[in-house]
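*Asks:* here is my input; please provide its structure:
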Amino acid sequence: MKKMAIIHTSAVSLQDLTTLCQEIMLEVEIINIIDDSLLNDVMKAGHLTEAVTSRIVRYALMAQEMGCGAILNQCSSVSEAVDAARSCLRIPYFKIDEPMAKQAVETGPRIGLVATVETTLPPSRRLIEAEARKQNRTVTVQEYLVPGALAYLMETQDQEGHIRMVFDTIQKAAGENDVVVMAQGSMAILLPLCKTLPVPVLASLEAGVRQLIPIAERQE
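*Replies:* From the prediction side, this is the model:
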C-alpha cells in the first residue's frame, strides 16, 4: 500500500486531515507523527528554534525510512523547518499552507492574515511574500491575531467557542482586504460562516492535502 506521512505539532487537525486524505487519496496509508512539544517549544521561545528544527528533520527522515512517498507538514509555526529538512530527503516534503499562499497572491494585492498563534504570523507572512516574488507581484500583508484561540480549542475541544472567538476578526479582515488567509488549519471550521463575507477566505487543509495527489498516483 502507498504510504504518506503527516508531521503534526498537535492533534487539533489530526482527524480532519486523516479524513481528508482518506476521501481524496484512496488506497493511501497515512502515518501520523505527532509531537505536541514542538509547538509548545516554539511558543515559549517566540520563534522557531534550532532544536525544534532538528527534531522535525529527524521525524522527516524517519518517515522516509518507513517507506513514505511524501510528507506533509501540518503546522504553519514550524513550516520553515521544512526548508532545512528538504535538503536531507529523497522524497518531497510539502508545507500545508503553500497552495493557500499561492492562491492568496493570485487573488489580490491586499491580503489579510489571521492567526490564532502569534508565532505563526512571521513565517506565514514570509511564505506569502516569497510567493508574491515568485509571481512577480506586489502584495501588502495585514496581520490579525486572535490571542489564545488555538490554546482554548486544544484545551476545551469547544469548536463553537473557538468560532465565536475568531469570526469577528475574520470579518474585520474581510472588510479591509481583497482576500483573507486563515493561518491555522484548525480555523477551517469557520469556512461555512465565511461564505457570507465580501471577499474570499482561504483555509489550508484541503488544498494542502491535494498537493499529495500526484505523488500518490506515481507511488508504487
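
*Asks:* list the buried ones in the helix ranked longest in the chain?
*Replies:* In terms of residue count, the longest helix belonging to the chain (DSSP state H) is helix 159-176. Neighbour counts using 16 or more other C-beta atoms under 10 Å place 162-163, 165-167, 169-171, 173-174 of helix 159-176 among the buried residues. (C-beta placed from N, C-alpha, C; glycine too.)

*Asks:* report all helices and strands that that helix contacts.
*Replies:* In terms of contact count using 3 or more C-beta pairs under 8 Å, 6 or more residues apart in numbering; DSSP states H and E, helix 159-176 is assigned the packing partners strand 110-115, strand 140-145, helix 149-156, strand 179-182, helix 191-194.

*Asks:* of the ones you listed, which shows the lowest average pLDDT?
*Replies:* Summarising mean pLDDT across the helices and strands packed on helix 159-176, the least confident stretch is helix 149-156, with a mean of 84.

*Asks:* so for that one, what gets flagged as buried?
*Replies:* Counting neighbours by 16+ other C-beta under 10 Å, one finds that the buried residues in helix 149-156 are 149-150, 152-153.

*Asks:* sorry, back to before: pick the most buried one from the helices and strands packed on helix 159-176.
*Replies:* When you average the neighbours per residue for each of the helices and strands packed on helix 159-176 (mean count of other C-beta atoms under 10 Å), strand 179-182 leads with a mean of 28.

*Asks:* what helices or strands is it leaning on?
*Replies:* helix 98-107, strand 110-115, helix 159-176, strand 201-202.

*Asks:* show residues contacting the helix or strand just after the second one.
*Replies:* Per DSSP states H and E, strand 110-115 leads on to helix 121-134 as the next helix or strand towards the C-terminus. Defining contact as C-beta atoms under 8 Å, 6 or more residues apart in numbering, one finds that helix 121-134 is touched by 47-48, 76-80, 95, 97-98, 101-102, 104-105, 111, 113, 115, 138-139, 141, 143, 145, 181, 183.
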